[in-house]
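**Student:** fold the following.
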Amino acid sequence: MAPNCDSRLAYTKRFNCSMTIEMKNRMDDDRAAARLSALGHPTRLRIFRTLISAGPEGMPAGELARRVDVAKNNLSSHLNVLRQGGLVDMRPSGRSRIYAVDLDAISQIVGYLVSDCCQGHPEVCDALAPALGGTC
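**Tutor:** Numbering: from 1, shown residues only. This next block holds a predicted model:
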């Protein structure tokens, strides 16, 4: 089940100029490149976007494989790359594995990418607000 708009808006409201500076300080170029590289494949990007829509509760691997139309063995390989990149978490649930996007990691990478946008002028970052908050 996808999260409701209130939870998404609360999450995107956490994004602001001061947060982006904090996020840049917590991430270096190599780590950012590893995370972005993990998304650099069409199937992994589709998996990631599907998991984002599932919200923090995540999705069982079998359901994820069906939604993105990927064989389970291929899905496993792609999920391993996303996990190694620090973008996806896995938790066991009975006989299933539940995968979810690490929202803090996503916040860090977005913050890192735009950390220099403000340069003392928070209004510059206002151009990002529609992209970050307009998903509902």
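**Student:** pLDDT wise, what is residue 44 at?
**Tutor:** For residue 44, the model assigns a pLDDT of 97.
**Student:** tell me, how many residues neighbour it?
**Tutor:** Residue 44 has 23 neighbours, counted by other CB atoms under 10 Å. All C-beta spots, glycine's among them, are computed from the backbone N, C-alpha and C.
**Student:** any buried residues in stretch 93-103, and which?
**Tutor:** 97-102 (16 or more other CB atoms under 10 Å).
**Student:** now the strands for this protein?
**Tutor:** 59-60, 88-93, 96-101 (DSSP state E).
**Student:** in JSON lines: those strands, plus mean pLDDT and distance to residue 38.
**Tutor:** JSON lines is the format used below for the strands of the chain (pLDDT from 0 to 100; distance: least, CB to CB, whole Å):
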{"stretch": "strand 59-60", "mean pLDDT": "97", "distance to residue 38": "18"}
{"stretch": "strand 88-93", "mean pLDDT": "96", "distance to residue 38": "9"}
{"stretch": "strand 96-101", "mean pLDDT": "96", "distance to residue 38": "11"}
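**Student:** could those go into a markdown table alongside distance to residue 43?
**Tutor:** As requested, the strands of the chain are exported to a markdown table (distance: least, CB to CB, whole Å):
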| stretch | distance to residue 43 |
| --- | --- |
| strand 59-60 | 16 |
| strand 88-93 | 13 |
| strand 96-101 | 14 |
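**Student:** which residue sits closest to residue 41, ignoring its sequence neighbours?
**Tutor:** Nearest residue to residue 41 in three dimensions, chain neighbours excluded: residue 78, at 7.2 Å (CB to CB, 6 or more residues apart in numbering).
**Student:** again with residue 38
**Tutor:** In space, residue 38 is closest to residue 85, 2.9 Å off (CB to CB, 6+ apart).
**Student:** about what we covered before: out of the strands of the chain, nearest to residue 42?
**Tutor:** strand 88-93 (16.4 Å; CB to CB).
**Student:** need the residues that contact the closest one.
**Tutor:** 48, 51, 58, 60, 79, 82-83, 97-102 (CB atoms under 8 Å, 6 or more residues apart in numbering).
**Student:** one more time with 6 Å
**Tutor:** 82, 97-102 (CB atoms under 6 Å, 6 or more residues apart in numbering).
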